[in-house]
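Student: 3D, please:
(2 chains)
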There are 2 protein chains.
Amino acid sequence: MDIEALEAAIKAKNTSTFLEHAEELHYADLAAIFENLDDEERSFFTAHIKLEQFPDILAELPDTLIEETLERFDTTAQQKILSQLLDDDRADILQDVSAEARQRYLALLQPEEMEATRSLMRYDEDTAGGRMTTNVARITSDMSVKEVLDILRKDQNSTESLARIYVVADDDRLIGKVRLRHLAFSKWDTPVEELVQEVDITILATADQEEAALIFSKYDMTVLPVVDEYGRLLGIITHDDILEILEEESTEDIEKMSGIAGEQSEETYLNTPVLTHFKRRFPWLFGLALLAISSGYVMLRFEDVLSSIFLLALYLPMVVAAGGNTGGQAATMVIRAMSLGELEQGSALKVILKELRLGAMLGVIMGISIAAVTLLILPLFNPEIPPTVTLPYFALAVSLSLAIQITISTLSGAILPMGARAIKLDPAVVAAPAITTLVDIFGMVIYFTAAQSILNL
Amino acid sequence: MDIEALEAAIKAKNTSTFLEHAEELHYADLAAIFENLDDEERSFFTAHIKLEQFPDILAELPDTLIEETLERFDTTAQQKILSQLLDDDRADILQDVSAEARQRYLALLQPEEMEATRSLMRYDEDTAGGRMTTNVARITSDMSVKEVLDILRKDQNSTESLARIYVVADDDRLIGKVRLRHLAFSKWDTPVEELVQEVDITILATADQEEAALIFSKYDMTVLPVVDEYGRLLGIITHDDILEILEEESTEDIEKMSGIAGEQSEETYLNTPVLTHFKRRFPWLFGLALLAISSGYVMLRFEDVLSSIFLLALYLPMVVAAGGNTGGQAATMVIRAMSLGELEQGSALKVILKELRLGAMLGVIMGISIAAVTLLILPLFNPEIPPTVTLPYFALAVSLSLAIQITISTLSGAILPMGARAIKLDPAVVAAPAITTLVDIFGMVIYFTAAQSILNL
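Tutor: Have a look, this model is predicted:
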């Protein structure tokens, strides 16, 4: 493998072997290798890698490595690297460095590069504008196929995608598109006008990146044009941007759903320091622990009930946990459906009715199953029950509270994420751990109250 | 909006308005509308929609709707629809219908269509071969640019992507690629040989679809060629396939992590029947409930300890839940890192050491925090403690068991998914709910044992 050979060459500080293998490797592999090097090895890498290869590698590195890596080069090299970057990558990179470095780097750019970069940096990183590249092929409809091909040939290395070529009016308003294949198949004197197709789907630069991803996958697009409120073409979002967005958003959802807080880092799991992992996990953990003490407080209050039939302890963890499990399932389904754009604001009632039926069904069937298990198996163990309590009544108290707990928890699991969205919170944060801990408290109350009233304790 | 106008036209059975709006709409929107119609409205839709529009709509419908929808058409219409489908969509659709219908539909195809479809159906739906299309532009290196353009022009509607045109040898071995832009920019008598570029990255038809998605996003690809073990070009995977794969895989991960079983349906959350939702949630729920009874059994066994200091109940849910929460966090991080291809088989030890450090850190800091809260706040409530027990020792018992529980749970959360992978199980199934319930049991044991030995009960 070239990868291992390159790593060996770096370890051995063998410049010629290093160069030979580096040239063969993909920038994504080179970036992954670079990330795993120690400080001295990174210096060897940046001192010897061909400067033309480095911009692509830099764009793949995690945010936190950008500045220290660029600082390994002298000003001339920095200038070369920065000007070779695609404009959206350059804007991203400049947003990830310190204010001081940003000023220095911007000053190294050509005036038009600086202008394009500054205008991209106006948009938040997680909007369509923050994701787009301005390297888009633009033509006007009065050109001939030959004229267009001449322009494209000249720009072919600076335009990120030629899959769609956009036709704009004099004021930059987007008026149509031309496909490269139609240019390729047409005589050179054909007027472009004859090849122009309508553009149906565009996105506003200020729209959320998730919206861009939803449009892209719904309509099987290759390139999504980004416009301003006047319909002027600002740039394009391409499929590789969309893959990144989807990866980010899924990871974010999954992490939030497990009670992991804060910005997801761009670094891999193994390269993220233990302290960073700690900071993302501790706050939720501590909050949930305090909440769980409330469950304990409920248990404390029902000491009399529990001590009069201690057998209730056998089912206590089950009733409590069933709520967390069903609530978590419901929340997951609803949160995922929202992420995939399946639920509009108006469908809340449908979701509630659906989960109410589901919750009742799960609750009743679980209740009956557990009652059956109890009545059939428990007598075999000669359980300690006070003479005033009969086994059927005991099973009824357990099953009824289980059914109620499951119904209420399922419903809460569906309602809480939608409620969160209604007040502009990310639905994913109210998922599993938070819901579990909340419904645990209800579970305790329901269980002991049912036992108290059904068994006359 | 055209969408609402179309829906109104269907309700009013107004054919001309229906046709007018249907023509304007994207097939993805038409499919979403069709899915939400009742039986009679669907009949109106299929009776009047232009047959040329229907193949794209059909390909977007969920599996369970395919056969009943195709059966609304007569044989001639079925034949037209099936032959217009892209070959990968056609193979997918034939895999989703009954064996009887599959035979009938296959018999309607032209011999070469039948051949291509059968060969695609050989691959599992979730492999690279099952995802690829065979509609790929193939040329040989002895052609001129003009010859290639003539071929491509003839095939342009049947080849799904012209972003890459593949050069094959006589025996179909893949030997290179040509970009459409280079054809477009070259003189028509240029030999193709001069434009051929090397193909570095391919995937085997039998490889898992997840691998295809990983390669695609790692190397920012547009088209990924699929080959057999002899390096012969079988087809291509395009970026829209990858978006579907990523969506499917993320949903699957998220659902499994919340204890939702079975194949994810292609239908939206709201269109999935309550009974299907029930079947996917019940098995886990029931299994976890039985497991939770083991926790209850542990509690039952420690009746003496709990009744001698019932105040232990106040912290019991917290110690137990902290295990589930930290285990779930660790499992999520590890599962996600595996899904993103960050963890090779060899990095298990690194992960274990990292989570061990993290678990100990979380455990110690949580233990100290809870001890502090206990010593400062608990005395204000005049808690009932037997005279033989002092508050500092009580706090020590709680904190120590909390720290141990968190450390062990964090470690289990990391080890279990890796263990699952090692024995070829999907790591996601051992996530949150299963780990939570397992560590709950340990939590009970640790808590009561610590109390028993530290407080001499």
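Student: rest of the way, CA atoms for contacts and neighbours
Tutor: Noted.
Student: now A:Phe302. Nearest residue, chain neighbours left out?
Tutor: A:Phe448 (6.7 Å; CA to CA, 6 or more residues apart in numbering or on different chains).
Student: in terms of helices and strands, where is the one you found?
Tutor: For A:Phe448, the enclosing helix or strand under DSSP states H and E is helix A:432-454.
Student: what helices or strands is that helix leaning on?
Tutor: Helices and strands touching helix A:432-454, by 3 or more CA pairs under 8 Å, 6 or more residues apart in numbering or on different chains; DSSP states H and E, are helix A:274-301, helix A:303-308, helix A:312-339, helix A:391-422.
Student: can the last one be said to contact chain B?
Tutor: No. Using CA under 8 Å from any CA of the partner chain, helix A:391-422 never reaches chain B; the gap is at least 10.1 Å.
Student: quick check: buried residues in that helix?
Tutor: Neighbour-count burial for helix A:391-422 flags A:391, A:394-419 (criterion: 16 or more other CA atoms under 10 Å in any protein chain shown).
Student: run the angle between it and helix A:312-339 for me.
Tutor: 30 degrees (axes from the mean of the first three to the mean of the last three CA atoms, to 10 degrees).
Student: helix A:391-422 - what's its average pLDDT?
Tutor: Averaging pLDDT along helix A:391-422 gives 91.
Student: and that helix, what does it pack onto?
Tutor: Using 3+ CA pairs under 8 Å, 6+ apart, helix A:391-422 sits against helix A:312-339, helix A:348-377, helix A:432-454.
Student: reformat those as CSV; add mean pLDDT.
Tutor: Putting the helices and strands packed on helix A:391-422 into CSV (pLDDT from 0 to 100) gives the following:
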stretch, mean pLDDT
helix A:312-339, 88
helix A:348-377, 92
helix A:432-454, 85
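Student: now the one helix or strand A:Glu68 maps to, how far from the centre of its chain.
Tutor: Element membership of A:Glu68 [criterion: DSSP H and E] is helix A:63-70. In terms of CA atoms, centre = their mean, to the nearest Å, the centre of helix A:63-70 is found 23 Å from the chain centre.
Student: I'd say A:Ala414 and A:Ala330 touch.
Tutor: Yes. Under the criterion of CA atoms under 8 Å, A:Ala414 makes contact with A:Ala330 at 5.5 Å.
Student: and for the two, which residues touch both?
Tutor: A:Glu355 (CA atoms under 8 Å, 6 or more residues apart in numbering or on different chains).
Student: give the burial count for the residue nearest to A:His26 when sequence neighbours are not counted, as a bare number.
Tutor: Leaving aside its sequence neighbours, A:His26 sits nearest to B:Tyr219 (CA to CA, 6+ apart; 7.5 Å). By other CA atoms under 10 Å in any protein chain shown, 14 other residues sit near B:Tyr219.
Student: and B:Tyr219, what are its phi and psi?
Tutor: phi -100, psi 10 (degrees, to the nearest 10).
Student: equivalent analysis for the one 10 residues further on, please.
Tutor: Dihedral angles phi and psi of B:Glu229 (degrees, to the nearest 10) take the values phi -70, psi -10.
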